[in-house]
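Participant: Got a predicted structure here, sequence first:
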Amino acid sequence: MAGTSRTKARPQPRAAPGWLAWLLAARPATLTASIAPVLVGTGAAWQEDFRLPVFLATLAAAVLVQVGTNFANDVSDYERGADAPDRLGPPRAVALGLVSPPAMRRAALGAFALAAALGLYLAREGGWPVLLMGALAILAGLSYTGGPWPYGYRALGDAVCFLSFGVMAVVGTRYLQAGSVTPLSFLASLPVACSVTAILVANNLRDLDSDRRAGKVTLAVLLGDRLTRLEYVVLLLGAFALCPPPLAVGARPWCLLPLLALPWAVVLALRVWRGASGRELNPLLAATARLHLLLGTLLGVGLAL
C-alpha cells in the first residue's frame, strides 16, 4: 500500500566521505528548480522596485526549502522501500549507508528551520501573505514523501510542483519585491511551472517500474509509459509556447528571449518521446534542469529589460 512504511535491513555503513555525502543528498543538479522562479519573479518586479537584501534572502530561503525537501525525500523514500538496490537514478545517501536516517531527518529539519528564519525576515518585509506562502512551501517539502499522507505517493507531486515551484514561487517573489501581484507575474510563472514540472516527470518516468513495485503511486504510474512521455513533451514545449502571453499585459518583446533555447527543448522532447528509458534518462533529467534554469534566466532578464 502506498505510503506504508516497510521494514528494511539497515545498510552497512561505508567509508564516511564527509561533506560529499551531504552534497550527494542535497542533489545540487536539481537546485535550479528553486533558483529559476526567483529570477523570473525578480525580473517581473524590476521595473518597479528591486531590493538586493530581499532578493538574496528569497533566493537562499528557496534553495534551503528544496535542500530540506531533498533530504526528507532521501530518508522517506528509503524507509518506504522506494530506493531499492535496483534504483536507476543517482545513488541516495541513506540507501548507501553514508548517512543514517536520524541524521538525515535532523538535517532536513535544520534546512527547513533556516528557511523559516529567513522567512521571518521576509515576512517583516512583505507581511502575512509571505508568512503563509513560506509555511505552505515548507509543508509541501515535508509531506512530499513523508508524514502520514505523502502526496508524492498519491499522484499529486506534479500538481504541487507546478503550483509551489512555479506559480507561487514566481508570484511570491514579485510580491516581495514590489508589494503586489499582477497578471504579468502570473503569466510569467506559467513557463517556469511547466518546465520545473517536466523535471519531475522525467524523474518519475525513469523510476516508473521501481515506483510501481514499491507502491509509490506517482502520476507516471497512473498514466503509464507512453502518456508520461507525452506529458513531458507537452510541459517542456508548452513552457516555450507560454512565453509570448506576457506581451498581452505589458511585457516588452524581450520576454521572448527564452525562445532562443527552444531548439534544445525540441531535442530533449524528441529523445524522451522516442523512447529514452532507464539510466538513459539520467542525463536527460539533468539537461532538463539546466534548460529550466536557462529559461528562467532568459525570461527574468527579458522581463527586466
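Facilitator: Noted; the coordinates are in hand. Residues are numbered from 1 along each chain as shown.
Participant: C-terminal to the helix or strand hosting Ala25, what's the next element?
Facilitator: Assigned by DSSP states H and E, Ala25 falls within helix 19-26. Proceeding N to C from helix 19-26, the next assigned helix or strand is helix 32-45, under DSSP H and E.
Participant: Tell me the helices and strands packed up against that next one.
Facilitator: If you count contacts as 3 or more CB pairs under 8 Å, 6 or more residues apart in numbering; DSSP states H and E, helix 32-45 packs onto helix 52-79, helix 169-178, helix 183-206, helix 281-304. Where C-beta positions appear, they are placed from N, C-alpha and C, glycine not excepted.
Participant: looking at the ones you listed, which is closest to Leu260?
Facilitator: Leu260 sits nearest to helix 281-304 of all the helices and strands packed on helix 32-45, at 6.6 Å, using CB to CB.
Participant: Enumerate the positions of the closest one that are buried.
Facilitator: In terms of neighbour count (16 or more other CB atoms under 10 Å), helix 281-304 has its buried residues at 281-282, 284-289, 291-304.
Participant: returning to what we had before: excluding its own residues, what touches the helix holding Ala25? List them.
Facilitator: With CB atoms under 8 Å, 6 or more residues apart in numbering as the test, helix 19-26 has contacts from 67, 70-71, 74, 90-94, 98-99, 104, 107.
Participant: Buried subset of these as a PyMOL selection?
Facilitator: To isolate the buried members of the contacts of helix 19-26 in PyMOL, using 16+ other CB under 10 Å:
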select buried, resi 67+70+71+74+92+93+94+98+99+104+107
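Participant: residue ranges with poor pLDDT in the stretch 51-200 of the chain?
Facilitator: Regions of the stretch 51-200 of the chain meeting the criterion pLDDT under 70 cover residues 84-86.
Participant: Buried residues in the helix holding Ala25, which are they?
Facilitator: 21-22, 24-26.
Participant: got these as JSON lines, with pLDDT columns?
Facilitator: Formatted as JSON lines, the buried residues of helix 19-26 follow (pLDDT from 0 to 100):
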{"residue": "Ala21", "pLDDT": "85"}
{"residue": "Trp22", "pLDDT": "90"}
{"residue": "Leu24", "pLDDT": "86"}
{"residue": "Ala25", "pLDDT": "89"}
{"residue": "Ala26", "pLDDT": "91"}
